[in-house]
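Asker: the following comprises the amino acid sequence and a computationally predicted model.
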Amino acid sequence: MSLLCGLACSVTQGQPGDSIEWRTGSTTGNPFEIRLVSSGSELKAVLANRSSSEQVLLYHEYLQTSSIELVSSTGQQPNPKPYDSRLIMKVDSKPYCRLFQKLGPGKKLEIGTLSLRKSRDGYAGQWGPYNFDEVAAGDYHARVIWHSERSQCLDESTQQMRKLTSAWKGMVRSNQITVHLP
């Protein structure tokens with residue numbers, strides 16, 4: 001049985017977070033935002049292109065993933081730290097050009113879902129390659145963070161790296177929502 005609830009266990013609409021461009025450090029004029037929402041027993045994050053032009057990005061579960069933070073709202077219990085399963089996996093870490101995608105103006109891309117379920121020692125769930133175990137009951141603030149760090153890709157036809165000048169680099173943080181685990 002799922003026991004994760006957002007604010008009042010209803011649909012919690014995501015509000016804009018913020019994004020920071022690496023070259024300038026600016027938080028304005030950047031193309032992306034992440035909207036984090038909860039619905040009953042599930043948290044879901046959506047990356048939206050809020051610009052008027054097509055954007056090139058690499059979003060890949062193992063190469064350039066997003067992370068979710070759960071921070072105790074009371075400070076009484078330790079903040080749950082997820083285990084990164086990529087540490088024990090054999091993953092091809094080459095950023096192939098075919099993995100980069102174009103996201104048109106106003107288009108959205110679902111980047112993650114988390115359902116925490118009652119387990120033997122608290123709650124457990126998975127966000128991409130990150131596994132949460134033994135999350136204690138209580139209230140948490142949840143936020144998603146995505147670092148877009150890659151603008152070079154491996155061209156499979158030439159086996160050479162090439163720079164994608166149109167790939168945006170920076171960090172995007174979602175809005176924050178409150179999660180209650182009874």
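Answerer: Ah, there it is.
Asker: same question for the longest strand along the chain, mean pLDDT?
Answerer: Secondary structure of the chain per DSSP state E: the longest strand is strand 138-148. Strand 138-148 shows a mean pLDDT of 91.
Asker: packing partners for that strand?
Answerer: strand 32-39, strand 42-49, strand 66-72, strand 108-114, strand 170-173, strand 177-181 (3 or more C-beta pairs under 8 Å, 6 or more residues apart in numbering; DSSP states H and E). C-beta coordinates here come from the backbone N, C-alpha and C atoms, glycine included.
Asker: if we go to 6 Å?
Answerer: strand 66-72, strand 170-173, strand 177-181 (3 or more C-beta pairs under 6 Å, 6 or more residues apart in numbering; DSSP states H and E).
Asker: out of those strands, which is closest to D92?
Answerer: strand 66-72 (19.6 Å; C-beta to C-beta).
Asker: adjacent strands (with direction) for that closest one?
Answerer: strand 138-148 (antiparallel) (DSSP bridges).
Asker: past the strand it pairs with, which element shows up next along the chain?
Answerer: strand 152-155 (DSSP states H and E).
Asker: buried sites along the very next helix or strand once past that next one?
Answerer: Per DSSP H and E, the first helix or strand lying C-terminal to strand 152-155 is strand 160-163. Within strand 160-163, no residue counts as buried by 16 or more other C-beta atoms under 10 Å.
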